[in-house]
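**Q** got a sequence here, can you build the structure:
(2 chains)
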Amino acid sequence: MKRVMIAGLAAALVLAGCAADPPQVETAPTAAARAALDESMASAIVEETFAALGKADRAGDASLLAPRIGGDAALVRTAEYKVAAAVADEAPQLLPSSMQRIYVSNATSWPRVLAAVSAAPEDNLTPVIYVWVQDDVSSPYELRGWAHMIPGATVPAMPGDVDGATQLPLGESGVDPSPRAALEGYIEYLRQGPESEHAASYEPDTYAQQLFTARESLSAAASQAGGAYVDTVQPDLANTFVLSTGDGGALVIAPVLISSSFSVSGATLTLSAHDAPLLDGSLSTKVTYAYRDLVVLSVPAPGKGQLPGVVAAEHHLVSVKPE
Amino acid sequence: MTLRTTAIIAGVLGLVMFLTGVIASAVRDEREVVTQQSLDTPVVVLGPEVLALPGIERIAINGSGALDANTARPVDAEAWLKRHSATHVLGYVDWDELATRTGTRITTPSVSPSPSPSPSADAEAADAATADDAAATASTDDAASPSPAPSAETVEETYDYGSNDLWRHSWRGESRVVVTGSTIAAGETLVVFDETGDNLESVEFYAVRDVNDEWISPMMWVGGALALLGVVAALSGLIDIRPVQARIETWQRKRSGVAATPPRPGSRRERRLAGSTLPEVLLDDTDTGTLPTVDPTRPTGGDV
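**A** Residues are numbered from 1 along each chain as shown, chains lettered A, B, ... in the order given. From the prediction side, this is the model:
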């Protein structure tokens, strides 16, 4: 009897300890979203950017732009604040804050790009393409530039915010021409003018046409004054980014540095009321306008039979330097 | 072995079963289990494979200050963790212990101590003042770090963990932050840190586990029934019920109407008791043309 009782109690103690073993770690599940930012994160970045922009605009203080606005965008806005402070009717450019499309990257390294297309502004202008860049994991996404769309241009279909767009290298060989070749060809076209052999390689765009028109008239004016007008166009390849489009093409987002020097001989230069606040020094016989432009170039997918073309571009004056 | 003895043995076994069930019920494991692990880094990380462990309902992290819990893509979390000392929770060792690994990083303070204690009008001081809430007054992560810059105002120091742009979902708590497992998307990593850079205190896993206790209740009921039967049998051996049995038998005889005297010889009662109730059939082997006859006057049974 005693043995039976002991055996029963022992069995009870053993059986009572029969909780299942803790679960063991297995293969990690794969995340459904591949994009670096989900919709709410991207929207939050856009909202914070325009909140900072609004605050800085109201104060006319460029120091309030950080940390959400930097790079060329901060330079351009700083110049606009200078002009606005000096000229009564020259308010900073009104930038629409509501977006119709946001394009996120699925990059796993840095820098990363976020792009957005605004809703159509109310001032009969075309929508604006904005570009944010995150330099490293610790840095916030920073608005680096914006450009109005070229009239009639269409942004190619882009991957959604679940998969995200792949950031392509400049030398990507999956598109023809490569993003680098397309950009360098377009820069060469801007340098050489409408007679360039590269002109036929791109869809016509109003950005290049306006640049050429201004160059022609300013060259003529400089010649009449015994001087010269020279445009220097340089791509900023270090800050150029390429996103894959939905159909296998590429969207090249390229800052472009343009210096336009105007010189006269035996004459006096005067600046317009708009440009005068940006003058850094005393005016002499030569002056150089520095522009930080943004060009968004679409390279179609192979086999489409289309030419690369500019979908958005804007000429941003940031400083005027006498020489 | 009599029926009573068998019942008593069954009762003993039932008693043992009942006591076994009672003891098992008393010492069985709880379904809800909390596993706690102490921490000694300012950051704790739980990868997607750990968050996918079945049964985990909540994860709580305890610390001394404001705590931030965030989820991120694993690749983003790994990149972020290169700059921070962190405890990686790897899973369960057992229900009382979690497996961890500590990754130590040597990081430089994000802001060097300002040599000027006064908020003067020079550019450097102005920058520090405007960047106050952007973690400009960060310190390093532990007590070994140099003292922060003297300040005219007492401001709670925050550690510079960088941008929040990689965090997909965030939770915040004071001294304790609790994250429900179902709110974390599959495939994401959970990163929790103390905003001041102090070490966290502990991480707790609240889980529901499978406990093999379905047998306890049936065993107690069956054991109890058998024990009761054994008790009845044992008690029946101790009480003299023969007088009661005699009275019951007498009563039964009276109910059945059976006479106490033996039947009269040759009577129908005698024949019925002898079992001779079938008619006697005489067969004639030579006469095949006639059927056997039955004497209808012969009794076939009935009441006496």
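**Q** from residue B:44, how far off is the residue nearest to residue B:104 when sequence neighbours are not counted?
**A** Nearest residue to residue B:104, sequence neighbours excluded (C-beta to C-beta, 6 or more residues apart in numbering or on different chains): residue B:85, at 4.7 Å. To be clear about C-beta, it is placed using only N, CA and C from the backbone, and glycine gets the same treatment. The gap separating residue B:85 from residue B:44 is 11 Å, by C-beta to C-beta, to the nearest Å.
**Q** go on, residue A:317?
**A** From residue A:317 to residue B:44 the distance is 51 Å (C-beta to C-beta).
**Q** tell me which of those two has more neighbours.
**A** Using other C-beta atoms under 10 Å in any protein chain shown as the criterion, residue A:317 and residue B:44 rank with residue B:44 on top: 27 against 19.
**Q** who is that one paired with across the strands?
**A** Residue B:44 has these beta-bridge partners by DSSP bridges: residue B:87, residue B:192.
**Q** how about stretch A:53-65, does it get close to chain B?
**A** Yes - remark: stretch A:53-65 sits within contact range of chain B at residue A:63, by C-beta under 8 Å from any C-beta of the partner chain.
**Q** which residues sit against that stretch?
**A** Here stretch A:53-65 makes contact (C-beta atoms under 8 Å, 6 or more residues apart in numbering or on different chains) with A:52, A:68-69, A:73-74, A:77-78, A:81, A:84-85, A:92, A:95, A:97, A:143, B:130.
**Q** just the buried ones from those residues, in PyMOL syntax?
**A** Of the contacts of stretch A:53-65, the buried ones can be selected in PyMOL as follows, counting by 16 or more other C-beta atoms under 10 Å in any protein chain shown:
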select buried, chain A and resi 52+68+69+73+74+77+78+81+84+92+95+97+143
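**Q** inside helices: which ones of the contacts of stretch A:53-65?
**A** Using DSSP state H, A:52, A:73-74, A:77-78, A:81, A:84-85, B:130 are the members of these that sit in helices.
**Q** nearest to residue A:149, of these?
**A** Using C-beta to C-beta, residue A:73 comes nearest to residue A:149 of the ones in helices among the contacts of stretch A:53-65, at 17.0 Å.
**Q** where does pLDDT dip in the stretch 101-250 of chain B?
**A** Applying pLDDT under 70 to the stretch 101-250 of chain B picks out residues B:106-157.
**Q** same thing but at 80, please
**A** Applying pLDDT under 80 to the stretch 101-250 of chain B flags the ranges B:104-158, B:237, B:240-242.
**Q** is it true that residue A:157 touches residue A:246?
**A** Yes - between residue A:157 and residue A:246 a contact is recorded at 3.9 Å, counting by C-beta atoms under 8 Å.
**Q** let me see the domain layout of chain B.
**A** Domain assignment of chain B by automatic domain parsing yields the ranges B:3-28+B:213-238, B:32-111+B:118-208.
**Q** where does the stretch 201-304 of chain B get nearest to chain A, residue-wise?
**A** Relative to chain A, the nearest point of the stretch 201-304 of chain B is residue B:212 (3.6 Å; C-beta to the nearest C-beta).
**Q** what about that residue, how many neighbours?
**A** When neighbours are defined as other C-beta under 10 Å, residue B:212 has 14 of them.
**Q** same question for the one 3 residues further on.
**A** A total of 13 residues lie near residue B:215 under the criterion other C-beta under 10 Å.
**Q** pull the contacting residues for residue A:24.
**A** Contacts for residue A:24 (C-beta under 8 Å, 6+ apart) come out as B:91-92.
**Q** quick one: the strands in chain A?
**A** Along chain A, the segments classed as strands by DSSP state E run A:99-104, A:112-118, A:128-134, A:142-148, A:167-168, A:228-235, A:241-244, A:250-263, A:286-299, A:309-314, A:317-322.
**Q** tell me the secondary structure at the residue nearest to residue B:35 when sequence neighbours are not counted.
**A** Among residues not flanking residue B:35 along the chain, residue B:205 sits closest, at 4.5 Å (C-beta to C-beta, 6+ apart). Under DSSP: H, G, I helix; E, B strand; the rest coil, residue B:205 falls in the strand class.
**Q** hmm, residue B:84 is touching residue B:77, no?
**A** No - taking contacts as C-beta under 8 Å, residue B:84 lies outside contact range of residue B:77: 10.4 Å.
**Q** pretty sure residue B:25 is touching residue B:218, no?
**A** No - counting by C-beta under 8 Å, residue B:25 sits too far from residue B:218 to count as a contact (12.0 Å).
**Q** which one of the domains of chain B lies nearest to residue B:261?
**A** Among the domains of chain B, domain B:3-28+B:213-238 comes nearest to residue B:261, with 34.5 Å by C-beta to C-beta.
**Q** just how off-centre is the closest one within its chain?
**A** Remark: domain B:3-28+B:213-238 is offset 25 Å from the chain centroid, using C-alpha atoms, centre = their mean, to the nearest Å.
**Q** could you dump the helix or strand that contains residue B:221 to PDB, C-alpha only?
**A** Using DSSP states H and E, residue B:221 maps to helix B:216-238. Extracted in PDB, the C-alpha atoms of helix B:216-238 (Å, rounded to 0.1, in the frame of the first residue of the first chain):
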ATOM      1  CA  ILE B 216      -5.900  15.500 -14.100                       C
ATOM      2  CA  SER B 217      -9.700  16.200 -13.900                       C
ATOM      3  CA  PRO B 218     -10.800  12.800 -15.300                       C
ATOM      4  CA  MET B 219      -8.300  11.000 -13.000                       C
ATOM      5  CA  MET B 220      -9.700  12.800  -9.900                       C
ATOM      6  CA  TRP B 221     -13.300  12.000 -10.900                       C
ATOM      7  CA  VAL B 222     -12.700   8.300 -11.600                       C
ATOM      8  CA  GLY B 223     -10.400   8.000  -8.600                       C
ATOM      9  CA  GLY B 224     -13.000   9.600  -6.400                       C
ATOM     10  CA  ALA B 225     -15.700   7.300  -7.600                       C
ATOM     11  CA  LEU B 226     -13.600   4.200  -7.000                       C
ATOM     12  CA  ALA B 227     -12.500   5.400  -3.600                       C
ATOM     13  CA  LEU B 228     -16.200   5.900  -2.700                       C
ATOM     14  CA  LEU B 229     -17.000   2.400  -3.900                       C
ATOM     15  CA  GLY B 230     -14.200   1.000  -1.800                       C
ATOM     16  CA  VAL B 231     -15.400   2.900   1.300                       C
ATOM     17  CA  VAL B 232     -18.800   1.400   0.900                       C
ATOM     18  CA  ALA B 233     -17.400  -2.000   0.500                       C
ATOM     19  CA  ALA B 234     -15.200  -1.600   3.500                       C
ATOM     20  CA  LEU B 235     -18.000  -0.300   5.600                       C
ATOM     21  CA  SER B 236     -20.200  -3.200   4.600                       C
ATOM     22  CA  GLY B 237     -17.700  -5.600   6.100                       C
ATOM     23  CA  LEU B 238     -17.800  -3.900   9.400                       C
END
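**Q** ok, and for that helix, which residues are buried?
**A** B:216, B:219-220, B:223-224, B:226-227, B:229-230, B:233.
**Q** for the residues you listed, give me a markdown table that also has distance to chain A.
**A** A markdown table is the format used below for those (distance: C-beta to the nearest C-beta, whole Å):
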| residue | distance to chain A |
| --- | --- |
| B:216 | 8 |
| B:219 | 9 |
| B:220 | 11 |
| B:223 | 9 |
| B:224 | 14 |
| B:226 | 13 |
| B:227 | 12 |
| B:229 | 17 |
| B:230 | 12 |
| B:233 | 16 |
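**Q** would you map the strands across the stretch 1-150 of chain B?
**A** In the stretch 1-150 of chain B, the strands defined using DSSP state E, counting those that start in this stretch lie at B:32-38, B:43-46, B:56-72, B:86-94, B:97-103.
**Q** tell me which of those strands sits most buried.
**A** For these, the largest average neighbour count (mean count of other C-beta atoms under 10 Å in any protein chain shown) is found in strand B:43-46, namely a mean of 27.
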